[in-house]
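**Student:** Below: sequence and its predicted model.
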Amino acid sequence: MVKYQESSLDRTFGALAEPTRRAILALLCERRDASVSEVARELAKARPRTRPMSLPAVMKHLDTLATAGLISRTKTGRTVTCRPTLGPMEEAMRWLDEHQRFWSERLDNLAKLVEEKP
(Lines give C-alpha, C1' and ligand atoms only; values in the text may rest on other atoms or scores of the structure.)
Protein backbone atom coordinates (compact mmCIF):
# COMPACT_ATOMS: atom_id res chain seq x y z
CA MET A 1 0.00 0.00 0.00
CA VAL A 2 1.34 3.43 -0.93
CA LYS A 3 1.07 6.04 1.77
CA TYR A 4 0.64 9.50 0.33
CA GLN A 5 1.76 12.31 2.55
CA GLU A 6 0.39 15.65 1.51
CA SER A 7 2.95 18.48 1.54
CA SER A 8 2.29 21.71 3.37
CA LEU A 9 2.15 23.50 0.02
CA ASP A 10 -0.60 21.11 -1.14
CA ARG A 11 -2.56 21.74 2.05
CA THR A 12 -2.14 25.52 1.68
CA PHE A 13 -3.35 25.62 -1.92
CA GLY A 14 -6.11 23.11 -1.11
CA ALA A 15 -7.37 25.30 1.72
CA LEU A 16 -7.20 28.44 -0.44
CA ALA A 17 -9.07 26.77 -3.30
CA GLU A 18 -12.45 27.41 -1.66
CA PRO A 19 -13.85 30.99 -1.70
CA THR A 20 -15.37 30.77 1.79
CA ARG A 21 -12.00 29.86 3.30
CA ARG A 22 -10.32 32.72 1.45
CA ALA A 23 -12.99 35.07 2.85
CA ILE A 24 -12.42 33.74 6.38
CA LEU A 25 -8.66 34.19 6.05
CA ALA A 26 -9.10 37.73 4.70
CA LEU A 27 -11.39 38.55 7.63
CA LEU A 28 -8.87 37.20 10.14
CA CYS A 29 -6.00 39.07 8.50
CA GLU A 30 -8.02 42.29 8.64
CA ARG A 31 -9.13 41.89 12.26
CA ARG A 32 -6.05 40.00 13.60
CA ASP A 33 -8.34 37.59 15.47
CA ALA A 34 -11.98 36.66 15.85
CA SER A 35 -14.07 34.11 17.68
CA VAL A 36 -15.77 31.33 15.73
CA SER A 37 -19.17 32.97 16.24
CA GLU A 38 -17.80 36.34 15.03
CA VAL A 39 -16.47 34.65 11.89
CA ALA A 40 -19.91 33.08 11.29
CA ARG A 41 -21.64 36.46 11.79
CA GLU A 42 -19.26 38.21 9.38
CA LEU A 43 -19.79 35.52 6.75
CA ALA A 44 -23.55 36.00 7.07
CA LYS A 45 -23.11 39.76 6.49
CA ALA A 46 -20.86 39.19 3.50
CA ARG A 47 -23.37 36.82 1.88
CA PRO A 48 -26.76 38.44 2.57
CA ARG A 49 -28.56 36.89 -0.41
CA THR A 50 -27.57 33.34 0.35
CA ARG A 51 -28.71 31.03 3.08
CA PRO A 52 -26.67 31.63 6.25
CA MET A 53 -23.90 29.12 6.83
CA SER A 54 -24.36 26.94 9.89
CA LEU A 55 -21.87 27.12 12.72
CA PRO A 56 -20.74 23.50 12.11
CA ALA A 57 -20.05 24.37 8.45
CA VAL A 58 -17.96 27.38 9.51
CA MET A 59 -16.09 25.16 11.95
CA LYS A 60 -15.28 22.67 9.17
CA HIS A 61 -13.79 25.49 7.10
CA LEU A 62 -11.79 26.61 10.13
CA ASP A 63 -10.58 23.01 10.62
CA THR A 64 -9.30 22.95 7.04
CA LEU A 65 -7.50 26.28 7.51
CA ALA A 66 -5.98 25.05 10.79
CA THR A 67 -4.84 21.77 9.20
CA ALA A 68 -3.10 23.81 6.49
CA GLY A 69 -1.44 25.87 9.22
CA LEU A 70 -3.05 29.09 7.99
CA ILE A 71 -4.78 29.80 11.30
CA SER A 72 -4.24 28.98 14.95
CA ARG A 73 -7.00 28.57 17.51
CA THR A 74 -6.97 29.18 21.24
CA LYS A 75 -9.73 28.33 23.64
CA THR A 76 -10.53 30.52 26.63
CA GLY A 77 -13.48 29.17 28.55
CA ARG A 78 -16.14 28.51 25.93
CA THR A 79 -14.74 30.95 23.37
CA VAL A 80 -12.47 29.74 20.57
CA THR A 81 -10.43 32.55 19.04
CA CYS A 82 -8.85 32.19 15.60
CA ARG A 83 -5.76 34.06 14.40
CA PRO A 84 -3.99 34.00 11.04
CA THR A 85 -0.58 32.31 10.91
CA LEU A 86 0.84 33.21 7.56
CA GLY A 87 3.99 31.06 7.46
CA PRO A 88 2.42 28.62 4.96
CA MET A 89 1.23 31.59 2.88
CA GLU A 90 4.80 32.89 2.70
CA GLU A 91 5.96 29.48 1.47
CA ALA A 92 3.22 29.54 -1.20
CA MET A 93 4.25 33.06 -2.24
CA ARG A 94 7.89 31.95 -2.64
CA TRP A 95 6.72 29.06 -4.82
CA LEU A 96 4.56 31.37 -6.92
CA ASP A 97 7.39 33.92 -7.27
CA GLU A 98 9.77 31.22 -8.54
CA HIS A 99 7.28 30.07 -11.13
CA GLN A 100 6.37 33.61 -12.12
CA ARG A 101 10.05 34.36 -12.82
CA PHE A 102 10.40 31.13 -14.80
CA TRP A 103 7.39 31.87 -17.02
CA SER A 104 8.26 35.56 -17.41
CA GLU A 105 11.69 34.61 -18.73
CA ARG A 106 10.18 32.06 -21.12
CA LEU A 107 7.59 34.50 -22.42
CA ASP A 108 10.24 37.23 -22.84
CA ASN A 109 12.34 34.79 -24.88
CA LEU A 110 9.31 33.90 -26.98
CA ALA A 111 8.57 37.58 -27.59
CA LYS A 112 12.15 38.12 -28.76
CA LEU A 113 11.89 35.19 -31.15
CA VAL A 114 8.61 36.45 -32.58
CA GLU A 115 10.01 39.98 -33.03
CA GLU A 116 13.12 38.64 -34.81
CA LYS A 117 11.08 36.74 -37.44
CA PRO A 118 10.91 38.65 -40.76
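**Tutor:** Thanks, I have it.
**Student:** Now the residue sitting nearest the centre point of the chain: closest residue in space, sequence neighbours ignored.
**Tutor:** The structure's the chain has its C-alpha centroid closest to residue 16; by CA atoms, centre = their mean the separation is 3.3 Å. Spatially, and ignoring its direct neighbours in sequence, residue 16 is nearest to residue 22 (5.8 Å; CB to CB, 6 or more residues apart in numbering). From N, CA and C alone the C-beta is placed, and that goes for glycine too.
**Student:** wait, what's in contact with the residue nearest to the centre of the chain?
**Tutor:** By CB atoms under 8 Å, 6 or more residues apart in numbering, the contact set of residue 16 is 22, 25, 68, 70, 92.
**Student:** redo that, cut-off 10 Å
**Tutor:** 22, 25, 64, 65, 68, 70, 88, 89, 92 (CB atoms under 10 Å, 6 or more residues apart in numbering).
**Student:** and what of residue 84?
**Tutor:** 24-34, 65, 70-72.
**Student:** give me the beta-bridge partners of it?
**Tutor:** Following DSSP bridges, residue 84 is listed with bridge partners residue 71.
**Student:** Summarise which helices and strands the helix or strand where residue 56 lies is packed against.
**Tutor:** Applying DSSP states H and E as the criterion places residue 56 in helix 55-67. Here helix 55-67 touches helix 8-16, helix 19-31, helix 36-46, strand 71-76, strand 79-84, going by 3 or more CB pairs under 10 Å, 6 or more residues apart in numbering; DSSP states H and E.
**Student:** 8 Å - rerun?
**Tutor:** Where contact means 3 or more CB pairs under 8 Å, 6 or more residues apart in numbering; DSSP states H and E, helix 55-67 is packed against helix 8-16, helix 19-31, helix 36-46, strand 71-76.
**Student:** by how many degrees do the third one and helix 19-31 diverge?
**Tutor:** Going back to what we said before, that points to helix 36-46. Taking axes from the mean of the first three to the mean of the last three CA atoms, to 10 degrees, one finds that helix 36-46 is oriented at 110 degrees with respect to helix 19-31.
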